[in-house]
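Novice: Here is my input; please provide its structure:
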Amino acid sequence: MSKRDYYEVLGVARNASEEDLKKAYRRCAMKHHPDRNPGDKSAEAAFKECKEAYEVLSDGGKRRLYDQHGHAAFEHGMGGGNAGPGFGGFGGADMGDIFGDIFGNIFGGGARQQGPRRGADVGYMMELDLEEAVAGVEKTIHIPTMANCEPCKGSGSEDGKVDTCATCQGRGQVRMQRGPFMMQAPCPHCDGAGKTIASPCKLCNGNGRVEQEKTLAVKIPAGVDSGDRIRLAGEGEAGPAGAPPGDLYVEVQVRPHEIFERDGDDLHCEVPIRISQAALGDTVRVPTLGGEVELRIPAETQTGKVFRLRDRGVKSVRSRQPGDLYCRAVVETPVNLTPEQRQLLEQFEATFVGEGARRHSPKSSTFLDGVKGFWDRMVS
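Specialist: Next up, the predicted model:
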């Protein structure tokens, strides 16, 4: 079955920016993540497809090649290797390496790393509550990955014996003539390993790796924010033929909070107050991540007035300096009035008569003056 267009997979236009690609990948990965769809093979396949698409389109060089040649740009030199669910998990040489070989051979260079490459890096999206991100937390995650085959210890050989590849003579590379160019590429017979196996392991079919779900405990440091990544060295996919494993990158996504909105190390929230509290002043209790504190509301406070509570924000994972909490006052109109409350408000409203009433409503006075000036200009 032919591959879907990478732009179609992520649901973005061909001129999408890096930020658009990142947002689209997050949506796609979160929707199809195996933890959210346990046992759903179609979701797992879609998850891998999202990661493969993002790995290409987020890399400037690979994206240019894909825009010019489509999927064919990455077929050369892939050798049928297993492309696991990771960032960079194509299992073989990329086009940048191949072009490097072309020009390296022309100008006398072209030294290549022989043998199989390290395993693919794996990406994992972890959702956290704001409180977890601020305080730090330890989470257990389950990751589908490629692990070393136990019976053959990752060698791929049932009896532990391997032979030198007859095609590349153990070099792992072959030279090919393309018009006037001489280029090197991974050997298609041994996939760059330089070795072949006479008796492949029955469990992994000579690959040396098997699909497996890995369970890990991940410690998230205090103060992380959306987009932060935590690297777990050696916890990615196992490398082919006993090569070193890749790394695991856990990317944090903080869920929206019902009270606070985070802006870097600062927090913002709205504090509803009654008309009487706004007019007369009062002391109210407001929530913070460390518990409730008292906030003094001065008399004649207007909606939109912002109060700053120092060091009540987030302690940064980088600078370790806490941010501030900004509380925005919102004056609420009373509802569900009793007859007595309505009568009192009517009596209060009756005191606002004549021109003297304007001095009690500064914003209203400014608005009315602006309206008058507008109509005067219209008439003249």
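Novice: switch to C-alpha atoms for all contacts and neighbour counts from now on
Specialist: Noted.
Novice: could you pull out the helices for this structure?
Specialist: In chain order, the chain shows helices spanning 6-10, 18-32, 41-57, 60-69, 95-106, 130-135, 275-280, 339-349, 362-379, with DSSP state H as the criterion.
Novice: Would you mind measuring from residue 252 to residue 297?
Specialist: Distance, residue 252 to residue 297, by CA to CA, to the nearest Å: 37 Å.
Novice: same deal with residue 314?
Specialist: Look at residue 314 and residue 297: by CA to CA, they are 24 Å apart.
Novice: Which one of the two is surrounded by more residues?
Specialist: A side-by-side neighbour count of residue 314 and residue 297, using other CA atoms under 10 Å, places residue 314 first with 28 against 19.
Novice: show me what contacts the nearest residue to residue 200 once chain neighbours are set aside?
Specialist: For residue 200, ignoring the flanking residues on the chain, the nearest one in space by CA to CA, 6 or more residues apart in numbering is residue 206 at 4.2 Å. Residue 206 is in contact with 155-158, 197, 199-200, counting by CA atoms under 8 Å, 6 or more residues apart in numbering.
Novice: which two in those are spaced the farthest apart?
Specialist: Pairwise distances across those (CA to CA) peak at 11.0 Å, for the pair 155 and 199.
Novice: picking that back up, weed out the non-buried ones from the contacts of residue 206.
Specialist: 155-158, 197, 200 (16 or more other CA atoms under 10 Å).
Novice: The residue nearest to residue 40 when sequence neighbours are not counted: neighbour count?
Specialist: Nearest residue to residue 40 in three dimensions, chain neighbours excluded: residue 34, at 7.4 Å (CA to CA, 6+ apart). A count of nearby residues for residue 34, using other CA under 10 Å, gives 22.
Novice: Look up how far residue 45 lies from residue 34.
Specialist: Distance, residue 34 to residue 45, by CA to CA: 9 Å.
Novice: just residue 69 next, same as before
Specialist: Distance from residue 69 to residue 45, by CA to CA: 24 Å.
Novice: Settle it for me: which of those two has more neighbours?
Specialist: Just comparing residue 69 and residue 45: by other CA under 10 Å the higher neighbour count belongs to residue 45, 14 against 11.
Novice: Tell me the pLDDT of that one.
Specialist: Predicted confidence (pLDDT) at residue 45: the value is 88.
Novice: so how far is residue 71 from it?
Specialist: The gap separating residue 45 from residue 71 is 18 Å, by CA to CA.
Novice: Out of the helices of the chain, which gets nearest to residue 117?
Specialist: The stretch from the helices of the chain with the least distance to residue 117 (CA to CA) is helix 95-106; that distance is 12.7 Å.
Novice: Tell me where the model's unsure across the stretch 151-300 of the chain.
Specialist: 177-182, 241-242 (pLDDT under 70).
Novice: one more time with 80, if that's ok
Specialist: Of all residues in the stretch 151-300 of the chain, those with pLDDT under 80 make up the ranges 153-156, 160-161, 172, 175-186, 188-195, 197-198, 206-208, 240-243.
Novice: Tell me if I'm right that residue 328 and residue 306 touch.
Specialist: Yes: taking CA atoms under 8 Å as the contact criterion, residue 328 and residue 306 are neighbours in contact, 4.3 Å apart.
Novice: which residues does the closest residue to residue 315 other than its chain neighbours contact?
Specialist: The shortest distance from residue 315 to any residue that is not its chain neighbour, by CA to CA, 6+ apart, is 3.8 Å, and that residue is residue 322. Residue 322 makes contact with 265-266, 311-316 under the criterion CA under 8 Å, 6+ apart.
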